[in-house]
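Undergrad: Pasting a predicted model and its sequence here:
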Amino acid sequence: MGSLPPSFVIAVFSQPVSSFAKWKARGINTLVSHEPEGGKMKKEDWEAAAAAAGFWFMDYPSDDDAMLAKEAKQPMRLAFMQDDEPDMTRTPNTDRTNPDGWTKGEILAARYARCKAAAPNIPMFVNFAGTAVTPEAYPGNKHLPYIAAADWLAHDWYVKNKNWERYPISLIGVAMDRLAAWSKGKPQYVFIECSDQKISPLGRCPTPDEVEEEVNLVVAKGAKGIIYFPQKPPPGFQYDAMPPEILDRVLKINAKLAGTASPAPIPTPAPTPAPPAQNEPKLSDVLTQVNTLTARLDAISKDVENLKARKYRVAIDVLAADS
């Protein structure tokens with residue numbers, strides 16, 4: 001278990017304890033959001049298991065003040081988390097939402113103040129919906145209260161799962177640029193799509209090249225880390241729905257990001273050796289064969305003419321000539 005946080009966060013979102021060894025082997029150094037497994041796993045037990053497995057983690061703060069005080073001392077905690085996607089439209093005019101369905105900013109502000117009182121040096125993380133960040137005419141005003149209640153920003157823009165033909169990967173960069181401008185340069189993390197989420201009939205699973213393109217884009221734009229989202233939602237929910245070809249590429253991406261050697265490539269079978277070259281026939285032999293065949297054809301033609309002259313019905317089967 002290291003004492004220094006990773007220089008670049010390579011994270012995965014909300015995975016069960018039973019899969020920790022698998023993600024460790026894949027080069028993941030950080031876990032984001034505890035996974036309750038339908039109420040079977042307590043948050044504090046998940047966090048303890050993450051730390052014991054050598055992972056850094058980001059997770060929501062406890063509502064209990066005594067527990068929050070303990071969380072403030074967790075050596076492997078990278079950040080506290082705000083509500084996920086507060087800019088996602090939900091049921092409007094509730095105790096938690098504004099008339100537009102977005103989460104009330106004062107909820108995030110109160111959580112931020114409470115966590116800073118307990119742990120002034122632990123950052124607060126908030127993740128936004130990329131679709132809410134990038135509309136061209138939107139000036140960003142509704143995000144400002146959320147940004148003020150966080151130290152680290154993130155967004156998830158699953159462009160290929162949403163509409164693979166309409167939405168280019170460059171929209172992820174647009175979201176980063178806007179959040180950087182609105183926040184005056186707060187650190188950013190980006191979610192990376194790597195499964196078929198089935199969120200739109202116009203979407204599809206990204207290709208391995210598209211996954212790598214997304215990662216390369218956000219790294220080039222200065223992201224402090226990436227967070228893989230490998231889930232497939234119901235029906236048929238899966239925590240890890242990465243296809244084998246994407247997993248193979250992710251392993252290489254993670255090795256590169258961590259500064260380690262890439263995994264050894266899968267050996268390819270040696271090409272089938274070409275058959276040995278045959279000896280080239282001599283020209284004199286070829287001419288002899290041609291003359292022989294010509295003589296045989298002349299003889300056959302004469303026989304056919306003789307048969308026609310006798311008014312016989314002749315059925316001629318054309319056989320393959322001897323070589």
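TA: Happy to help now that I have it.
Undergrad: In contact with Q188, which residues?
TA: The contact partners of Q188, by CB atoms under 8 Å, 6 or more residues apart in numbering, come to 152-155, 176, 179-180, 218, 222-224. Where C-beta positions appear, they are placed from N, C-alpha and C, glycine not excepted.
Undergrad: Any of the residues you listed buried? List them.
TA: Among the contacts of Q188, those scoring as buried are 152-155, 176, 179-180, 218, 223-224 (criterion: 16 or more other CB atoms under 10 Å).
Undergrad: just the helices in the stretch 1-150 of the chain please.
TA: In the stretch 1-150 of the chain, the segments counted as helices under DSSP state H, counting those that start in this stretch are 20-25, 43-52, 65-71, 105-118, 130-133, 144-148.
Undergrad: Just say which of those is most tucked in.
TA: Each of the helices of the stretch 1-150 of the chain was scored by mean neighbour count; the highest is helix 130-133, a mean of 22, by mean count of other CB atoms under 10 Å.
Undergrad: which residues are contacting that helix?
TA: 85, 87-88, 138, 140, 143, 155-159, 162, 171-172, 174-175, 178-179.
Undergrad: So for that helix, mean pLDDT?
TA: For helix 130-133, the mean pLDDT works out to 98.
Undergrad: coming back round to it: columns distance to A241 on top of the helices of the stretch 1-150 of the chain, output as CSV?
TA: Output for the helices of the stretch 1-150 of the chain, formatted as CSV (distance: least, CB to CB, whole Å):
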stretch, distance to A241
helix 20-25, 14
helix 43-52, 21
helix 65-71, 31
helix 105-118, 30
helix 130-133, 20
helix 144-148, 29
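Undergrad: one step back: now which of the contacts of helix 130-133 would you call buried?
TA: With neighbours counted by 16+ other CB under 10 Å, these contain buried members at 85, 87, 143, 155-159, 162, 171-172, 175, 178-179.
Undergrad: So for G185, which of the helices of the stretch 1-150 of the chain sits nearest?
TA: Each of these was scored for nearness to G185 using CB to CB, and the closest is helix 144-148 (11.1 Å).
Undergrad: Who are the packing partners of that closest one?
TA: helix 105-118, strand 124-129, helix 170-183 (3 or more CB pairs under 8 Å, 6 or more residues apart in numbering; DSSP states H and E).
Undergrad: Apply 7 Å and report the result again.
TA: Applying 3 or more CB pairs under 7 Å, 6 or more residues apart in numbering; DSSP states H and E, one finds that helix 144-148 makes contact with helix 105-118, helix 170-183.
Undergrad: quick one on the thing from earlier: helices - which of the buried ones among the contacts of Q188 land there?
TA: Judged by DSSP state H, the buried ones among the contacts of Q188 include 176, 179-180, 218 as members of helices.
Undergrad: picking up where we left off before, farthest pair within the buried ones among the contacts of Q188?
TA: Farthest pair in the buried ones among the contacts of Q188 (CB to CB) is W152 and V218. Separation: 14.0 Å.
Undergrad: hmm, back to that, pick the one among the buried ones among the contacts of Q188 closest to P6.
TA: Nearest member of the buried ones among the contacts of Q188 to P6, counting by CB to CB, is K224, at 9.6 Å.
Undergrad: Not counting residues beside it along the chain, what's closest to that closest one?
TA: The shortest distance from K224 to any residue other than its chain neighbours is 4.7 Å, reached at P187 (CB to CB, 6 or more residues apart in numbering).
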